[in-house]
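**Q** Below is the structure, and that's it, no one-letter string:
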DNA sequence: TTGAAAGCGATACCAT
DNA sequence: ATGGTATCGCTTTCAA
């Protein structure tokens, strides 16, 4: 075991007190230029760097944000994660990352997270029970839900305005003469799915459309593929399909072409939600609603910091509007 | 600021010493059933959970593994990350995650990582200078490179056997009558690219093929798309393209179809490397080499743990064979 | 088995 | 500006 270098070692070599060494490494402390140099030189020589753990213990701040992410492998999320890491790095925070089974409640791993004294917690596409949310609250650990909402719990949340997005899609399809609409749902009990569907169907009803096709998926390519097969077996078949996310839309497109030998958008229009990179690929050219990821992340981090600084901050839900991205998968009138 | 609950609070409520509370939470310590229950009950009541930071300070173990990942958004890596998280969770370790610019040296963020006293460090698709590697070594922090190798440094590495993979691909193409082969390179100076190319071209030469087309990409969809365009402008054009990874292969396929209106594999065969999920999509059905991700990760973690337990363990490079996955994008004779 | 006390490596307050 | 010292919350001897 190589001996660990501590501030005491540096202090001895530099001929200063241990306190002085500490000051050199804490921003905004006054140390004479002379001593600062000696300390830095000694530190360099010994290969010293401050022990963040000891620091956290006394400052009561770990500078670590916990991130719980359920769907790391679903194409939308790596971007979210990457952005979070970048933004957190900019404000000097590290990320302790946890996975959860998709759509699982994270109550069981929460104690583990809390043990690590994270300064805050970001939960994406998973939920915690309001009981656990309450516990974080009491304990003073701010929690932000990303892309999920839970009602009546003292936690902030930021998500895309899914209801409005669903509505825009209904309008686009109807305005361009589609008659037999279909919806491929994501996992049924997720807030994202519920909201997108609600926005879509509400707008249909508002425009006096009473019937539409419905199939259920689980946000995966395969589930979109399979749902599309079921959908296209109807006669007459749908002439437009709204999928609760892009990856299912892509699965649906592949099924429509490979299994039915039909053309998009001439035979069927397909529209997704998220605007993942693959939506832009030449094979798909998918019309979709773009989630304002950057804005959402900015907002999430802002809410988190606000709550860290000011524990009395009242939990808020922010919904940020997504933008319709017109590509080639929807037939325009 | 809500008061933090410490073991002392629990001890008082339970009417035992603080030491006893500590023992209840450290596996394999003897505490009478009687007191254990009282402690647990008091802890429950107060909402206590041990402070991992204080524990780390004294045990000299953080139970945290640092992961540096350069290409989180490149489709192969989310799977790698997810698997790492799962395996680490199984052995009771947490992951502190850092991003680096792709292919960047991570020397600048290393001090930050080291401050957090990680028990070990996994670096994927990025490298550290041998100077920094040496520093980790001295400091006693084991480092494992994943999917990268650096020569002459005291760090272990695990990667796919890229050279053998490149060779298999050359054989497959040649055995099936392809005449005008092409290679689309990944970022030129990455070990992955160098090895895949070396294996491919060595095998070509061995079989007396002296000429082949060459274009350079950077592992992205767009770069594959663009490289394919340049490639297909040759006359006569290539009849088979090996792309250094799947995502470039997919870009190349889209370009071949969309820009030249050609058919795969009748007009051109395309083959990739990695076996990402999209390789299986109906639109691509991409023949490729499957990276044995699970085995690689098992190996990486095993090496890391070995080194943590036994600091004198000699750094090793493990290459694990990938498997050829035959799908429909290569024309068979 | 249990409790008292030392210490992990910093920060922060208090004098000087 | 600098040094001495208490302290953060726990684990780990050492006695009892």
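**A** Done, it's in. From a predicted model like this one, the values you see are computed outputs, not experimental measurements.
**Q** following the helix or strand harbouring residue A:112, which helix or strand comes up?
**A** When secondary structure is defined by DSSP states H and E, residue A:112 falls within helix A:110-115. As assigned by DSSP H and E, the chain's next helix or strand after helix A:110-115 is strand A:120-124.
**Q** Pull up the pairing partners for that next one, direction included.
**A** Strand pairing for strand A:120-124, determined by DSSP bridges: strand A:64-69 (parallel), strand A:143-146 (parallel).
**Q** Stretch A:35-47 near DNA strand D at all?
**A** Yes. For stretch A:35-47, a contact with DNA strand D is found by CB under 7 Å from any atom of the strand, at residue A:35. In this view, the C-beta of every residue, glycine as well, is placed from N, C-alpha and C.
**Q** what comes up buried for that stretch?
**A** Neighbour-count burial for stretch A:35-47 flags A:35-36, A:38-40, A:42-43, A:46 (criterion: 16 or more other CB atoms under 10 Å in any protein chain shown).
**Q** Next, the angle strand A:120-124 makes with the lowest-mean-pLDDT helix or strand in chain A.
**A** None of the helices or strands of chain A scores lower by mean pLDDT, DSSP states H and E than helix A:130-139, at a mean of 85. For helix A:130-139 and strand A:120-124, the angle between their directions (axes from the mean of the first three to the mean of the last three CA atoms, to 10 degrees) works out to 160 degrees.
**Q** and helix A:130-139, what does it pack onto?
**A** Using 3 or more CB pairs under 8 Å, 6 or more residues apart in numbering or on different chains; DSSP states H and E as the contact criterion, the neighbours of helix A:130-139 among helices and strands are helix A:110-115, strand A:143-146.
**Q** who does the following helix or strand past the shortest one pair up with?
**A** Translated: strand A:143-146. Using DSSP H and E, the helix or strand that follows strand A:143-146 in sequence is strand A:156-160. Strand A:156-160 has the following strand partners under DSSP bridges: strand A:143-146 (parallel), strand A:317-320 (parallel).
**Q** re earlier: among the strands paired with strand A:120-124, which is nearest DNA strand D?
**A** Nearest of the strands paired with strand A:120-124 to DNA strand D, taken as CB to the nearest atom of the strand: strand A:64-69 at 15.5 Å.
**Q** related to what we said a few turns ago, mean neighbour count and distance to DNA strand C for the helices and strands packed on helix A:130-139 - can I get that in JSON lines?
**A** Rendered in JSON lines, the data for the helices and strands packed on helix A:130-139 read as follows (neighbours: other CB atoms under 10 Å in any protein chain shown; distance: least, CB to the nearest atom of the strand, whole Å):
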{"stretch": "helix A:110-115", "mean neighbour count": "19", "distance to DNA strand C": "16"}
{"stretch": "strand A:143-146", "mean neighbour count": "26", "distance to DNA strand C": "25"}
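**Q** Rebuild these as CSV, extending it with distance to residue A:270 and mean pLDDT.
**A** Conversion of the helices and strands packed on helix A:130-139 to CSV gives the following (distance: least, CB to CB, whole Å; pLDDT from 0 to 100):
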stretch, distance to residue A:270, mean pLDDT
helix A:110-115, 39, 95
strand A:143-146, 27, 96
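**Q** Secondary structure class of the residue in the stretch 201-333 of chain A that DNA strand D sits nearest to, three-state.
**A** When scored by CB to the nearest atom of the strand, the stretch 201-333 of chain A has residue A:311 as its residue closest to DNA strand D, at 15.9 Å. Assigned by DSSP: H, G, I helix; E, B strand; the rest coil, the conformation of residue A:311 is coil.
**Q** Counting neighbours, what do you get for it?
**A** Residue neighbour count, defined by other CB atoms under 10 Å in any protein chain shown, stands at 12 for residue A:311.
**Q** just the strands in chain A please.
**A** If you assign secondary structure with DSSP state E, the strands in chain A sit at A:64-69, A:94-99, A:120-124, A:143-146, A:156-160, A:181-185, A:213-216, A:240-243, A:269-271, A:288-290, A:317-320, A:323-325.
**Q** got these as a markdown table, with distance to residue B:138 columns?
**A** Compiled in a markdown table, those are given as follows (distance: least, CB to CB, whole Å):
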| stretch | distance to residue B:138 |
| --- | --- |
| strand A:64-69 | 26 |
| strand A:94-99 | 23 |
| strand A:120-124 | 34 |
| strand A:143-146 | 40 |
| strand A:156-160 | 44 |
| strand A:181-185 | 56 |
| strand A:213-216 | 57 |
| strand A:240-243 | 54 |
| strand A:269-271 | 57 |
| strand A:288-290 | 48 |
| strand A:317-320 | 47 |
| strand A:323-325 | 52 |
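**Q** which of these sits most buried?
**A** For these, the largest average neighbour count (mean count of other CB atoms under 10 Å in any protein chain shown) is found in strand A:240-243, namely a mean of 31.
**Q** residues in chain A within reach of DNA strand C, list them.
**A** Within chain A, the positions lying close to DNA strand C (CB under 7 Å from any atom of the strand) are A:4-8, A:18-19, A:22, A:25-26, A:48, A:50-51, A:54-55, A:57-59.
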